[in-house]
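>>> Can you look at this prediction? I've put the sequence above it.
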Amino acid sequence: MKKAKEGWKELEDGGRIIVAGNSVLYKTGDWRTNRPVWDESKCTQCMICWLTCPDSSIPAKDKKRIETDFDHCKGCGICAEVCPVKCIKMKPETDFQ
């Protein structure tokens, strides 16, 4: 028999995180209203977006930025704001549904 999901009443007091590093288990980008759209052809790979992303949603491979991790991106727009060549544009999430 499948266990029912716990409700808010079963949460730890004060919203404590009792297991370190568990944020990767939750897809926290579901409530995003804007999505960063990256134009790879304009990107200079300066990695400023990677450095400033508060959610670590910009992965890198071989010291180069790759596509955004939309499971965890909250759409804050910091990456678009700090990009010196403006290769990231914020678009409404509804354009992608």
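Structure received.

>>> what's the helix or strand for Asp30?
Assessed by DSSP states H and E, Asp30 sits outside every helix and strand.

>>> ok, it - how many residues close by?
For Asp30, the tally of surrounding residues (other C-beta atoms under 10 Å) stands at 11. The way it works is simple: take the backbone N, C-alpha and C, and place the C-beta from them, glycine included.

>>> cool, and Arg35?
In terms of burial, Arg35 registers 20 neighbours under the definition other C-beta under 10 Å.

>>> Next secondary structure after the helix or strand harbouring it?
Using DSSP H and E, the secondary-structure element containing Arg35 is strand 34-38. Taking DSSP H and E as the definition, the helix or strand that follows strand 34-38 towards the C-terminus is helix 48-52.

>>> Going by neighbour count, which residues in the strand holding Arg35 are buried?
34-36, 38 (16 or more other C-beta atoms under 10 Å).

>>> So which of these is the closest to Lys89?
Distance to Lys89, by C-beta to C-beta, is smallest for Pro36 among those, at 7.4 Å.

>>> Just give the closest residue to the spatially most central residue of the chain, not the sequence neighbours.
Compute the mean C-alpha point of the chain, and by C-alpha atoms, centre = their mean the closest residue is Cys73, 1.6 Å away. With C-beta to C-beta, 6 or more residues apart in numbering as the criterion, Cys73 has its nearest non-adjacent residue at 3.9 Å, and that residue is Ser57.
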